[in-house]
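In: Okay, here's the prediction I keep looking at, along with the sequence it came from:
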Amino acid sequence: MTSNNHYDAIVLGAGPAGLTAGLYLSRAKLKTLILDEGTVGGQMVLTHEIANYPGVESISGYQLASIMKKQVKSFGCEIKGNTAVKYISLTGETKILELSDGTVFTSDTVVLSPGGKSRALGVPGEDNLKGKGISYCATCDGDFFTDKEIVVVGGGNSALEEAVSLTKYANRVTIVHQFDHFQAFEHAIEEARNNSKIDFIMKSEIASFNGNENLQSVDIKNLDTGVVSNFKTDGTFIFIGYVPNTEFLKKKIELNQWGEIVVGSDMSTSIEGVYAAGDSIAKRFRQVTTAVADGTIAALALSNYLNELKIKHKQLITV
Ligand SMILES: Cc1cc2nc3c(=O)[nH]c(=O)nc-3n(C[C@H](O)[C@H](O)[C@H](O)COP(=O)(O)OP(=O)(O)OC[C@H]3O[C@@H](n4cnc5c(N)ncnc54)[C@H](O)[C@@H]3O)c2cc1C
């Protein structure tokens, strides 16, 4: 199919996964379009400092996103931010995407990289103090709390494992959990209980986050008595689950029970010609480096798929 609006590949989501896929695809001379309903850069642009991207000692997420965007564009990739997709059809040889303004794009292949977000508590002060003492990622922000006193919210495996890992940095870690028991593996519970730097406040929840410039304290409500007490803290890490941005893919592609996109080791999905990468796929670790790796694999597998498709079409014509 030849038309200005037809592409070899369309990438949905311009976080590090999508930008990396776009980089590899356009460098392989494939006509590529990246669409993002929000800001190009994804969760990176929310990140104050990234200190674990190899080769870059420390950089703001916004800056890293700008560099990635510039590099991707230099290979001829088209990028459109703040562009909502209204309709998407992934089945069939030609994939169809329609924007809210009625523009229709078609493509031989699609990379889905819509990312996701950590589940928020939804209590007063949380929105204002995100990145100013409230974090959802111990690997990303743990070392900013070296020798500090912090709170961890949650009672599953992630909360307990991350609480233990945070004791490498923090002086004290207080786990606040709403039930009187944890919903985690026994070994994770035991490890947390045996760690002398960890305290527990059970049957309690955060009622509010307090502070102007930075988080200074949390109000904790005892769920038995209803009593609210103020607790001084330098930081709070929230681990109460993760929500992939895949609502729009329900019934269109195979998702697991948590809404994550099911992929093979080459990032192929349940639909031929459709690949997925980054935080929206079913996986354990969510980082810029892992998103970049997924985007690379998806783009290389997709390029291979298109080559094989071309050979197949040529053979059909010569028969
Ligand atoms: C506050 C914070 C700090 C972090 N710090 C670090 C750190 O220090 N180091 C580190 O390695 N990782 C860090 N992370 C994690 C890291 O940012 C993510 O793992 C990574 O950005 C995931 O990349 P992604 O491309 O899969 O998805 P995302 O970055 O989530 O990007 C997905 C993009 O897709 C777009 N999108 C969603 N739905 C649609 C749709 N339907 N149509 C079109 N576009 C869509 C979104 O607007 C978004 O731009 C941090 C995350 C946060 C929130």
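Out: Sure thing, it's come through.

In: Would you tell me which residues of this structure are close to the ligand?
Out: Proximity of the chain to the ligand is confined to 12-18, 35-38, 42-44, 46-47, 50, 52, 85, 113-116, 131, 136-137, 140, 245, 248, 278-279, 286-289, 291 under the rule Cβ under 6 Å from any ligand atom. Heads up, the C-betas are built off the backbone N, CA and C, glycines and all.

In: same thing but at 5 Å, please
Out: 12-13, 15-17, 36-38, 42-43, 46-47, 50, 85, 113-115, 137, 140, 245, 248, 278-279, 286-288, 291 (Cβ under 5 Å from any ligand atom).

In: Give me the buried entries from those residues.
Out: By neighbour count, with 16 or more other Cβ atoms under 10 Å, these hold 12-13, 15-17, 36-38, 42-43, 47, 50, 85, 113-115, 137, 140, 245, 278-279, 286-288, 291 as buried.

In: Return the subset of the residues you listed lying in helices.
Out: 16-17, 140, 288, 291 (DSSP state H).

In: can you pull out the strands in the stretch 51-200 of the chain?
Out: 78-80, 85-89, 95-99, 104-112, 116-118, 134-135, 149-153, 172-176, 198-201 (DSSP state E, counting those that start in this stretch).

In: So which other helices or strands are in contact with the longest one?
Out: Packing contacts for strand 104-112, counted by 3 or more Cβ pairs under 8 Å, 6 or more residues apart in numbering; DSSP states H and E, involve strand 6-12, helix 16-27, strand 32-35, strand 95-99, strand 274-276, helix 288-318.

In: so can I have TSV of those showing mean pLDDT?
Out: Listed next are the helices and strands packed on strand 104-112 as TSV, based on pLDDT from 0 to 100:
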stretch	mean pLDDT
strand 6-12	98
helix 16-27	98
strand 32-35	98
strand 95-99	97
strand 274-276	98
helix 288-318	92
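
In: Not counting sequence-adjacent ones, nearest residue to residue 294?
Out: Nearest non-adjacent residue to residue 294, counting by Cβ to Cβ, 6 or more residues apart in numbering: residue 277, 3.7 Å away.

In: And the residue of the stretch 151-300 of the chain that's closest to the ligand?
Out: Nearest to the ligand in the stretch 151-300 of the chain, going by Cβ to the nearest ligand atom, is residue 278, at a distance of 2.1 Å.

In: Roughly how far does that residue sit from residue 40?
Out: Noted for residue 278: a distance of 14 Å to residue 40, by Cβ to Cβ, to the nearest Å.

In: still on that earlier bit, what's the farthest-apart pair in the ones in helices among the buried ones among the residues of the chain next to the ligand?
Out: 17 and 140 (16.2 Å; Cβ to Cβ).

In: Residue 238 reaches residue 154, doesn't it?
Out: Yes. Residue 238 is within contact range of residue 154, at 6.8 Å (criterion: Cβ atoms under 8 Å).

In: Give me the spatial nearest neighbour of residue 303, chain neighbours excluded.
Out: Spatial nearest neighbour of residue 303, excluding adjacent residues (Cβ to Cβ, 6+ apart): residue 28 at 5.0 Å.

In: Based on its surroundings, how many neighbours for that neighbour?
Out: Residue 28: 17 surrounding residues under other Cβ atoms under 10 Å.

In: same check, this time on residue 213
Out: 8.

In: Ok, residue 205 next?
Out: Neighbours of residue 205 (other Cβ under 10 Å): 17.

In: Repeat that for residue 179.
Out: 11.

In: Is it correct that it is in contact with residue 155?
Out: Yes. The criterion here is Cβ under 8 Å, and residue 179 meets it with residue 155 at 6.1 Å.

In: Now do whatever residue of the stretch 101-250 of the chain ends up closest to the ligand against residue 276, distance only.
Out: Here the stretch 101-250 of the chain gets closest to the ligand at one residue, residue 115, 2.0 Å apart by Cβ to the nearest ligand atom. From residue 115 across to residue 276, the span is 11 Å (Cβ to Cβ).

In: One more: residue 62?
Out: 25 Å.

In: do residue 68 as well
Out: Distance from residue 68 to residue 276, counting by Cβ to Cβ: 19 Å.
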